[in-house]
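# How does the following fold in three dimensions:
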Amino acid sequence: MSAHRILVVDDEPQILRFLKPALTAAGYDVVEAATGAEALSKATTASPDLVILDLGLPDMDGKDVIARLRGWSAIPIIILSARDREAEKIAALDLGADDYVEKPFGIGELTARIRTGLRHSKSSEVTSETIRADGLLIDLAHRIVSRNDAQIRLTPKEYDLLALLARHAGKVMTHKALLTSVWGPAHGEDLQYLRVFIGQLRAKVEKDPGTPCIILTEPGVGYRFSEGSSCDAKGSTVLGTTTSFVR
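A predicted model of the protein is given here:
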C-alpha cells in the first residue's frame, strides 16, 4: 500500500527541515511548498492526500489558499500557524479548513490530527449509517442514540446537533456553523443558546459530563466530536517533542 502524501506549505526553512524527516519517519510521503501559488500548483500536480498549511505566506494569506482549494477539492486541510487569535481560527475553519494546530506544536499531536483527517477523508467516501464513540452508538438511519443497548432520549434539536457533530467527527465545527445549520441563519450569533444545548447533550451522552470525551470544546472556536480514546489518553499520552518555532 502506497504512503499517504502530505503537502506541507510553509515559508520557514526550519519548519520544513523539522517536518519533512518527522513525517517521513511516520510513514508519509512529503511534498513541500513555500508560497501560496506553489501550494495551489502542487495541490493539483502532486495529488496530496492532506495539506498542512501555514497562514502567513509571502505571496498571499493562507485563508485565500483555503478558499481557492475549496473551490474544487475536499482534501483535508490542517492549519499550522502561530496566529492564535480566535478570529483567525474561526475564519480559517469557516472557509473550509478541517483542523487548527498552533505553533509551537508537538509532532505527536500533529500526526494524530493527520491520522484523524485522513481517516475521515476516506470514510466520507461511504456514508456510514452508524457512528460509535466511547461506548455511544448513533444510528443515523433510524435517528436512535443508545449506550449498552439502552436508548437515550434526545429532543429533535439535541439529536440534530449531535448528528451534525458526528457526521463531521474529528473536524472542528465553529459556533456559527453549528448554530446556522441546526437553528438557521437568524441564530448564527446565539452562542449562549448553543452552550445550553451542548451542556444538555453532554449530560445525556457522556459517561462523565464534567469530563467530556465525545463532545470536546475548542475554546473560543466551537466543538469537535471525538471517536478516539480521548478519555483513555488523558494524563497519559505523550504528544512528542514540542518545537520552538513561533511565527
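# show me where pLDDT drops low in the chain?
1-2, 84, 121-128, 228-247 (pLDDT under 70).
# Run through the neighbouring helices and strands of the longest helix anywhere in the chain.
Taking DSSP state H as the criterion, the chain has its longest helix at helix 107-123. For helix 107-123, the contact count by 3 or more C-beta pairs under 8 Å, 6 or more residues apart in numbering; DSSP states H and E identifies helix 13-25, strand 50-53, strand 77-81, strand 99-102 as packing neighbours. Where C-beta positions appear, they are placed from N, C-alpha and C, glycine not excepted.
# What residues sit buried inside the last one?
Judged by neighbour count using 16 or more other C-beta atoms under 10 Å, the buried positions of strand 99-102 are 99, 100, 101.
# Report the beta-bridge partners for the closest residue to the first one other than its chain neighbours.
Here the nearest residue to residue 99 in space, its sequence neighbours aside, is residue 78; by C-beta to C-beta, 6 or more residues apart in numbering that works out to 4.6 Å. Note on residue 78: beta-bridge partners by DSSP bridges are residue 52, residue 99.
# For residue 223, see how far away residue 78 is.
Applying C-beta to C-beta, to the nearest Å, the value for residue 78 to residue 223 is 18 Å.
# okay, the two: which has more neighbours?
residue 223 (24 against 20; other C-beta atoms under 10 Å).
# Which elements pack onto the helix or strand in which the more buried one is found?
Using DSSP states H and E, residue 223 sits within strand 222-225. With contacts defined as 3+ C-beta pairs under 8 Å, 6+ apart, the secondary structure elements packing on strand 222-225 are helix 156-167, strand 172-174, helix 175-182, strand 215-218.
# And the third one, what does it pack against?
Using 3+ C-beta pairs under 8 Å, 6+ apart, the elements in contact with helix 175-182 are helix 86-95, helix 156-167, helix 191-205, strand 222-225.
# how about residue 59, what does it touch?
The contact partners of residue 59, taken as C-beta atoms under 8 Å, 6 or more residues apart in numbering, are 35, 36, 37.
# so residue 79 sits right up against residue 56, yeah?
No. With contact defined as C-beta atoms under 8 Å, residue 79 does not reach residue 56; the gap is 10.8 Å.
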